[in-house]
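Participant: sequence plus predicted model, see below.
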Amino acid sequence: MLLKHISLSGLACLLLLAAGVIQAADQAQDRTRLQEQEQKQEQMQEQAQERTRLREPIYGSQLMSEQEREQHRAQIRNLKTEQEREAYRLEHHKRMQARAKERGITLPDEPPAKPGRMGAGSGMGAGGKR
């Protein structure tokens, strides 16, 4: 009787141990899936940002050749931080202002608004009605 009781206890312990191992494996799989989902979301977000940058209007584009516009987009794409991109845009703005002046053309003083940002205009504004 004691042997049967010990055997059943041992079997119960083995079952509990196996259940713990299975649960740990499931948790590891869940973590892996979560990490993969997060990576996919980050990739999708980066791709969306890249598409936005490619559609972003180029200040002075009418004064640039197609090759210059492609080089400009490539340069923006290769910069790592938003601060670097903003500094590059400001430098580009100065170059286009000088080019326009050389050609006797007037460009707006301000670069075009970035996509997704509200600029001055006839929007609804605070408490506005249409």
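Facilitator: Right, received. Where do you want to start?
Participant: name the helices or strands packed onto the host helix or strand of D30?
Facilitator: Using DSSP states H and E, D30 maps to helix 2-55. Helices and strands touching helix 2-55, as assessed by 3 or more Cβ pairs under 8 Å, 6 or more residues apart in numbering; DSSP states H and E, comprise helix 66-78. Every C-beta, even on glycine, is put in place using the N, C-alpha and C of the backbone.
Participant: which helices and strands does the helix it packs on pack with?
Facilitator: Using 3+ Cβ pairs under 8 Å, 6+ apart: helix 66-78 touches helix 2-55, helix 82-103.
Participant: and these, which one is worst for confidence?
Facilitator: Per-stretch mean pLDDT for the helices and strands packed on helix 66-78 is lowest at helix 2-55 (a mean of 76).
Participant: between helix 66-78 and that one, find me the angle.
Facilitator: Put simply, helix 2-55 runs at 150 degrees to helix 66-78, going by axes from the mean of the first three to the mean of the last three Cα atoms, to 10 degrees.
Participant: so how far is helix 2-55 off the chain centroid?
Facilitator: From the chain centre to the centre of helix 2-55 is a distance of 27 Å (Cα atoms, centre = their mean, to the nearest Å).
Participant: now it against helix 82-103, angle please.
Facilitator: Relative orientation of helix 2-55 versus helix 82-103 (the same axes, to 10 degrees): 10 degrees.
Participant: tell me the secondary structure at P108.
Facilitator: coil (DSSP: H, G, I helix; E, B strand; the rest coil).
Participant: measure it to M96 for me?
Facilitator: Distance, P108 to M96, by Cβ to Cβ, to the nearest Å: 10 Å.
Participant: and those two? Which one has more around it.
Facilitator: Remark: of P108 and M96, M96 carries more neighbours, 20 against 10, as counted by other Cβ atoms under 10 Å.
Participant: quick one, domains of this protein?
Facilitator: Per the record, the chain has its domains at 14-46, 56-106, by automatic domain parsing.
Participant: point out the most buried one among those domains.
Facilitator: Most buried of these by mean neighbour count (mean count of other Cβ atoms under 10 Å) is domain 56-106; its value is a mean of 13.
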